[in-house]
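1. Starting from these lines, generate the structure:
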Amino acid sequence: MVNERKTEAIVRSHFEKFRDSVEIEEQSSDNPRIKKLLSIASKGGSGAGYPEFIIQPKDNIDLLIVVECKPSVAKHESPHRDQPKHYAVDGALLYSSYLSRDYDVLSIAVSGENKRGLKVSHFLQLKGTNKAVGKFGDVLLSPGDYVQGYIKSPEKLRQDYESLLAFSRDLNKKLHKNKILESDRSLLISCILIALENKAFLKSYKDYTKPDDLAQYLVNTVEMQFKNSGIQNDKLGIVRSRFEFIKTDTSLSRREKILSEVIADIDGNINKFIKTHKYFDVLSQLYIEFLRYANSDKGLGIVLTPLHITGFMAELAQVNKDSVVYDNCAGTGGFLVSAMDLMIKDAKDDQKKIGEIKQNQLVGVEYQANIFTLACSNMFIHQDGKTNMLSGSCFDDKIMDQVNEFDPTVGLLNPPYKADKDDDEELEFVLNNLEMLKQGGRCVAIVPLSSAIAQSGAAFELKKRLLGRHTLDAVLSMPNELFFNSKVAVVSCIMVFTAKRPHPKTKKTFFGYFKDDGFVKRKGTGRIDLFGAWDTIKGKWIDAYINKENISRLSVNCVVSAEDEWCAEAYLKTDYSLISKDDFEREIKKYISYKIQS
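-> The predicted structure follows:
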């Protein structure tokens, strides 16, 4: 006869070994919050219900681990997960649905009477959500492994990211209320984040009662941090001058508590996020968020690439631990951070190699002093790489000579977009980047679609020069409102080139119609991955690109020259069999609405 006590004994024995790091309760809980949540969680449909075990990590009180046991593996999971009284998975998910109103919940279903035949399933359900996602494998792990898996999960990252955005909006309002200029806000935050890396500053900043003394201490600490990192004197001078405003700003240096409160807020929110989610480009995202409220830099052609696209482009470039990555329009350093993430993952904890990556394999050029300072700060926050940030024009011979010393193998860029007829063409920057790469290197650039379809003028001449020196491997049409969060209406595409190999006349170029990335617009938050669809869509796009597949309404391979339009829209054939009556009616309604409004 089966005996559930045997299953419970196996689970108890496993978690008892970790008593120093977790609180373990069985069949009930003394925690009033947990008790209240489970007061109506009966498997029978009324009254209280309790799982076999409720486990709470001592160093992460936001997470609960609940375990539901059944002695027979035949009772592990029902077909529809709707019989919580009789099946382990069903019961675990029932308790998770109640507890997730106040906690992030890892629910574990365990069935079987001996270790050899034990069956284990794990599900993560975050606070305030109604969906539990399968996680981990089919064996019991240590609480530490569970916590790390939970913290590093895409679901937790998305939750923390949404909280970060909410905080950034509140912070922006606070800085606006205190009359901190839009152009200075990201610099202030980067300065604070760097200072918080200094243990002495972190411990003592609250002791400074006079705002001018604290402002002085903040700037001096950051200067010392950069000096100790080995940054060159000319770059240090630029960085120092851009942070000087903190010492003289009326709100920050004269009004009590404002600066100290901002530092505390950033430590408790942004700094915590950075330490949890390494190599996530927080600083660029904050800059984008501030631009959403007042895009004073739009006239300068600054269009910051969304974070999911910087990562996508780094993957398209097949960045790995041996790549040397160059961005000649570095901006806030978003591409370099995304590339660093992939490179370090590929290094697989080889600390010597990781040191080489950060020190020698990431190269960026930025023209504007304030953005250059942000880029240096960004690389510092992500533990180095800033020593290879160069200040100046990527077309300057001296800068080009310095870049050549690194022998870059991968180029990633989003060039400044033309705001005036006299501005440099976007493809000039693409050509410049390609000329810096080793033969066979890969350049991935996101540019306005107008550059790709040009059939006359300067952009057309640049297309001819590009094909004369380099191979056009792919052009991917991006979502129309990709830059919505930067308040910039530019329809864009991604171009992929192989460097210093002239484009063969008979080569087929891959064209992707990648218009739907799963992101949706929401008031107050902008364009976001609300439904968590991006990872799946990205995988589909990359697979199509790697395999050069012809997929209806998504991708096509064609032979093109400079005279042709470089975009999927020009070559994809319409499959009329896929058009339904609903599609027809929807388009007619859109047309009628357009006619009425025009």
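2. Can you say which helix or strand has residue 224 in it?
-> Secondary structure assignment for residue 224, by DSSP states H and E: helix 211-229.
3. Give the next helix or strand downstream of that helix.
-> The helix or strand immediately downstream of helix 211-229 is helix 233-243, counting by DSSP H and E.
4. wait, what's in contact with the nearest residue to residue 565 once chain neighbours are set aside?
-> In this structure, residue 565 finds its nearest non-sequential neighbour in residue 453, 4.2 Å apart by C-beta to C-beta, 6 or more residues apart in numbering. In short, each C-beta sits where N, CA and C put it, glycine included. For residue 453, the contacting residues are 565, 566, 567, 570, taking C-beta atoms under 8 Å, 6 or more residues apart in numbering as the criterion.
5. And those residues, which of them are buried?
-> Those of the contacts of residue 453 that meet the buried threshold are 565, 566, 567, by 16 or more other C-beta atoms under 10 Å.
6. related to what we said a few turns ago, so which bits of the helix holding residue 224 are buried?
-> Of all the residues in helix 211-229, those buried under the rule 16+ other C-beta under 10 Å are 211, 214, 215, 217, 218, 219, 221, 222, 223, 225, 226, 229.
7. The second one and residue 260 touch, don't they?
-> Yes - using C-beta atoms under 8 Å, residue 214 makes contact with residue 260 at a distance of 6.1 Å.
8. Which SSE is immediately downstream of the worst-scoring helix or strand of the chain on mean pLDDT?
-> Of the helices and strands making up the chain, the lowest-confidence element is helix 282-293, at a mean of 65, by mean pLDDT, DSSP states H and E. Proceeding N to C from helix 282-293, the next assigned helix or strand is helix 307-316, under DSSP H and E.
9. what about that next one, average pLDDT?
-> If you average the pLDDT over helix 307-316, you get 96.
10. residue ranges with poor pLDDT in the protein?
-> Within the chain, the segments meeting pLDDT under 70 span 1, 45, 279, 287-303, 383-387, 575-579, 590, 594-595, 597-598.
11. Let me see the domain layout of it.
-> Under the assignment named as automatic domain parsing, the residue ranges that make up the domains of the chain are 4-151, 153-277, 291-573.
12. Kindly reformat those domains as TSV containing distance to residue 584.
-> Conversion of the domains of the chain to TSV gives the following (distance: least, C-beta to C-beta, whole Å):
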stretch	distance to residue 584
domain 4-151	34
domain 153-277	36
domain 291-573	16
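13. quick one, which of the ones you listed is nearest to residue 284?
-> Proximity to residue 284, assessed across the domains of the chain by C-beta to C-beta, is greatest for domain 291-573 (4.2 Å).
14. what's the offset of that closest one from the middle of its chain?
-> With C-alpha atoms, centre = their mean, to the nearest Å as the basis, the distance from the averaged C-alpha position of domain 291-573 to the chain average is 16 Å.
15. picking that back up, against which helices or strands is the helix holding residue 224 packed?
-> Judged by 3 or more C-beta pairs under 8 Å, 6 or more residues apart in numbering; DSSP states H and E, the packing partners of helix 211-229 are helix 182-195, helix 199-204, helix 233-243, helix 245-248, helix 250-254, helix 258-266, helix 369-381.
16. tell me the most buried of those?
-> For those, average neighbour numbers computed from mean count of other C-beta atoms under 10 Å are highest in helix 369-381, which has a mean of 25.
17. which residues are in contact with both of residue 214 and residue 260?
-> Contact criterion C-beta under 8 Å, 6+ apart; residues shared by residue 214 and residue 260: 205, 208.
18. returning to that earlier point: from the buried ones among the contacts of residue 453, which ones fall inside helices?
-> Secondary structure assignment (DSSP state H) places none of the buried ones among the contacts of residue 453 within helices.
19. Go through these and say which is closest to residue 111.
-> Nearest to residue 111 among the buried ones among the contacts of residue 453, with distances taken as C-beta to C-beta, is residue 567, at 54.4 Å.
20. For the closest one, give me phi and psi.
-> Summarising the backbone geometry of residue 567 under the convention degrees, to the nearest 10, its torsions are phi -160, psi 150.
21. packing partners for the longest helix along the chain?
-> The helix that spans the most residues within the chain, counting by DSSP H, is helix 154-177. Contacts of helix 154-177 with other secondary structure elements, assessed using 3+ C-beta pairs under 8 Å, 6+ apart, are made with helix 182-195, helix 258-266, helix 272-276, helix 282-293.
22. Could you rerun that using 7 Å?
-> Counting by 3 or more C-beta pairs under 7 Å, 6 or more residues apart in numbering; DSSP states H and E, the packing neighbours recorded for helix 154-177 are helix 272-276, helix 282-293.
23. who touches that helix?
-> Residues lying outside helix 154-177 but in contact with it, judged by C-beta atoms under 7 Å, 6 or more residues apart in numbering, are 124, 126, 133, 150, 185, 265, 269-270, 273, 276-277, 282, 286, 289-290, 293, 525, 529, 532, 535.
24. Show me what counts as buried in it.
-> By neighbour count on 16+ other C-beta under 10 Å, the buried set for helix 154-177 is 155-156, 158-161, 164-165, 167-169, 171-172, 175.
25. For residue 192, state which of those residues is nearest.
-> The closest of those to residue 192 turns out to be residue 171 (C-beta to C-beta; 10.8 Å).
26. gap between that closest one and residue 381?
-> Distance, residue 171 to residue 381, by C-beta to C-beta, to the nearest Å: 17 Å.
27. now swap in residue 411 and tell me
-> 24 Å.
28. and if you look at residue 271?
-> Taking C-beta to C-beta as the measure, residue 271 falls 9 Å from residue 381.
29. cool, and residue 105?
-> Computed as C-beta to C-beta, the residue 105 to residue 381 distance reads 32 Å.
30. Same check on residue 204?
-> Shown here: residue 204 relative to residue 381, a distance of 21 Å by C-beta to C-beta.
31. and if you look at residue 20?
-> Using C-beta to C-beta, one gets 33 Å for the distance from residue 20 to residue 381.
32. For the closest residue to residue 482 other than its chain neighbours, give the beta-bridge partners.
-> Once flanking residues are discounted, residue 482 sits nearest to residue 492: 5.8 Å by C-beta to C-beta, 6+ apart. Residue 492 forms beta bridges with residue 448, as assigned by DSSP bridges.
33. isn't residue 492 right next to residue 480, touching?
-> No - contact criterion C-beta atoms under 7 Å: residue 492 and residue 480 do not qualify, at 8.8 Å.
34. what about the two, which has more around it?
-> Set side by side, residue 492 and residue 480 show unequal neighbour counts under other C-beta atoms under 10 Å, the larger going to residue 492 at 25 against 13.
35. Provide a list of residues in contact with that one.
-> Contacts here follow C-beta under 7 Å, 6+ apart; on that basis residue 492 touches 446, 447, 448, 449, 478, 482.
36. For stretch 16-27, list every residue counted as buried.
-> For stretch 16-27, burial by neighbour count (16+ other C-beta under 10 Å) applies to 18, 22, 24, 25.
37. Roughly how far does the second one sit from residue 15?
-> The reference is to residue 22. Per C-beta to C-beta, residue 22 is found 7 Å from residue 15.
38. Find the residues that touch each one of the two.
-> Common contacts of residue 22 and residue 15, defined by C-beta under 7 Å, 6+ apart, comprise residue 55.
39. and residue 23, that one's in a strand?
-> Yes - counting by DSSP: H, G, I helix; E, B strand; the rest coil, residue 23 falls inside a strand.
40. Pretty sure it sits against residue 56.
-> Yes - using C-beta under 7 Å as the test, residue 23 is close enough to residue 56 to be in contact (4.7 Å).
41. Which strands and helices lie in contact with the strand or helix carrying residue 105?
-> Using DSSP H and E, residue 105 sits within strand 104-111. Of the remaining helices and strands, those touching strand 104-111 by 3+ C-beta pairs under 7 Å, 6+ apart are helix 4-16, strand 63-70, helix 88-99, strand 119-125, helix 143-151.
42. Measure how the shortest one sits relative to helix 4-16, angle-wise.
-> What it means is strand 119-125. Here strand 119-125 runs at an angle of 60 degrees relative to helix 4-16 (axes from the mean of the first three to the mean of the last three C-alpha atoms, to 10 degrees).
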